[in-house]
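Visitor: sequence first, then the predicted structure:
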Amino acid sequence: MTHTNGLRILLTLALAVVLTGCATQEQKKQVMADKWEKSTLDSRLAMIEGLIERGQTAEAKNALDKCLAANPESAKAHFLMGRVHFIENRNAQAEQAFERAVALDETMDAAWYYRGGLAFLNGDTAMAGTYYEKALSLKPAETDYFLAKAQLLMQTGDSPAAIAMLEQAMAQQPRNRDLLVCLADVYGRTEQPQKAIACYEKALLVDSKDQPVLESLGYAYAAQKNWDKATTTFERLLAVVGEGDRKEAVLNTLALCAMNAGKYALAMRCYDALTVMRRDDAEAWLGMAQAAMGADQFDRAAACAQKALQLHPSWPQGYAVLGSAQYLQKKYTAALNTFANLLNDDEFGGFAWFMTGRCYGRMGQTAKADAAYKRAGDRSADSPLVERFLKDKTGAM
């Protein structure tokens, strides 16, 4: 009996071991199946994310519908569906998808970030701030989250807090281009132009050919009337832009800065290029005329002004530049005829009478000169063109 009991116990233990082994094998198979399913899902979601990045949102949505039907608890799939809805302006559905994503995985920082953006669009700045803070708490070094929170603070009128937050972030990431540009923008809006300029300069140390930064820096210098540095900066920008409308815009801005900096030869080169690109652009020809006057090329200035008037007849600015160029050519009779077109003009009348007096004076006709000066009267005294022409021949512009 004892022997029988012992055998039964041994058989029971052996069977338990065998059954345990079978259970372990089944568990291993299930684990492997789960890993395979997760791997397959991850690869599908990566493919779908690529579709979204390429703008193929319709294809992405169809693929996500299938993924969510098979994997309704996938936080990543819900997040990607939220992105598709957001891109296609279905904001309510986007919010539902992002909300579901963080319910399944509250550590999904990007979903909190998007929720902040949606709250901001809906005018709920308090909730937007809460969501941005949540995203930042999960991923403190993410630049986009800092920028979003800073812009939110700016929109709500708390510029000091925006500056403090960005400066704190800059202490950790001193060469972060996006943070530098955002901080420069905040400084610019709060009338701290020198600090803004310093940020743009630092950003260019990261990438000396950064076109948006070069453009912003150039305009910052121009706003300060630092025309030399503005000109240098736009020259740098011109060296890296491609062909087309972008290049034309930079050429035009560079020409204006160069004129104000007294770099007339450079301005002429810019306008020369512009007149090749836009042969029927009267403003480009008039700009060339102004630059030529500054470079003491009065014959060329007159010819370019005449070309501008051919393209834009009866243009007061054109007559003002042409008459001034003719005056500097010492062609006083021609200048008188040109200024006659402006004598009754509200904007240029005072200047035209003043220059008429100058022409008669050069011709030795003192009585006519005095009469013209009298007609100019207070209008010429208040005319910035008269004041500038007395100091700088290009003031006749």
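Guide: Alright, I've got the coordinates. As the structure is a computational prediction, the values presented were derived from the model and not from experiment.
Visitor: point out where the stretch 1-150 of the chain drops to low pLDDT.
Guide: 1-39 (pLDDT under 70).
Visitor: mind listing the helices for it?
Guide: 2-53, 57-70, 75-87, 91-104, 109-121, 125-138, 143-155 (DSSP state H, counting those that start in this stretch).
Visitor: the ones you listed: which one's closest to residue 360?
Guide: helix 143-155 (58.4 Å; C-beta to C-beta). From N, CA and C alone the C-beta is placed, and that goes for glycine too.
Visitor: who are the packing partners of that closest one?
Guide: helix 109-121, helix 125-138, helix 159-172, helix 177-189 (3 or more C-beta pairs under 8 Å, 6 or more residues apart in numbering; DSSP states H and E).
Visitor: need those in TSV (columns: distance to residue 80 and mean neighbour count).
Guide: Formatted as TSV, these follow (distance: least, C-beta to C-beta, whole Å; neighbours: other C-beta atoms under 10 Å):
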stretch	distance to residue 80	mean neighbour count
helix 109-121	10	21
helix 125-138	17	18
helix 159-172	28	16
helix 177-189	24	21
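Visitor: just put those helices in TSV and tack on distance to residue 313.
Guide: Formatted as TSV, these follow (distance: least, C-beta to C-beta, whole Å):
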stretch	distance to residue 313
helix 109-121	50
helix 125-138	54
helix 159-172	50
helix 177-189	41
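Visitor: hmm, back to that, closest one to residue 291 among the helices of the stretch 1-150 of the chain?
Guide: helix 143-155 (39.6 Å).
Visitor: need the helices of the stretch 1-150 of the chain in TSV with distance to residue 170, can you?
Guide: Formatted as TSV, the helices of the stretch 1-150 of the chain follow (distance: least, C-beta to C-beta, whole Å):
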stretch	distance to residue 170
helix 2-53	29
helix 57-70	35
helix 75-87	29
helix 91-104	29
helix 109-121	20
helix 125-138	15
helix 143-155	9
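Visitor: nearest to residue 305, out of those helices?
Guide: Per C-beta to C-beta, nearest to residue 305 of the helices of the stretch 1-150 of the chain: helix 143-155, 45.7 Å.
Visitor: got a list of contacts for the closest one?
Guide: 109, 113, 116-117, 120, 125, 128-129, 132-133, 135-136, 139, 159, 161-162, 165-166, 169, 173, 176, 178-179, 182, 186, 189 (C-beta atoms under 8 Å, 6 or more residues apart in numbering).
Visitor: again, only using 7 Å
Guide: Here helix 143-155 makes contact (C-beta atoms under 7 Å, 6 or more residues apart in numbering) with 113, 116-117, 120, 125, 128-129, 132, 135-136, 139, 161-162, 165-166, 169, 176, 178-179, 182, 186, 189.
Visitor: now that helix, how far from the chain's geometric center?
Guide: Taking the mean of its C-alpha atoms, helix 143-155 sits 16 Å from the chain's own mean (C-alpha atoms, centre = their mean, to the nearest Å).
Visitor: please apply the same query to stretch 121-132.
Guide: In this view, stretch 121-132 has its centroid 24 Å away from the chain centroid, taken as C-alpha atoms, centre = their mean.
Visitor: contacting residues for the closest residue to residue 363 other than its chain neighbours?
Guide: Leaving aside its sequence neighbours, residue 363 sits nearest to residue 332 (C-beta to C-beta, 6 or more residues apart in numbering; 5.2 Å). With contact taken as C-beta under 7 Å, 6+ apart, residue 332 is in contact with 359, 362-363.
Visitor: switch to 8 Å and redo it
Guide: 326, 359-360, 362-363.
Visitor: hang on, isn't residue 125 packed against residue 156?
Guide: Yes: counting by C-beta atoms under 8 Å, residue 125 touches residue 156, with 5.4 Å between them.
Visitor: what is the burial count for residue 228?
Guide: 14 (other C-beta atoms under 10 Å).
Visitor: which elements pack onto the helix or strand where residue 290 lies?
Guide: According to DSSP states H and E, residue 290 maps onto helix 282-294. Contacts defined by 3+ C-beta pairs under 8 Å, 6+ apart place helix 282-294 against helix 245-260, helix 264-277, helix 298-311, helix 316-328.
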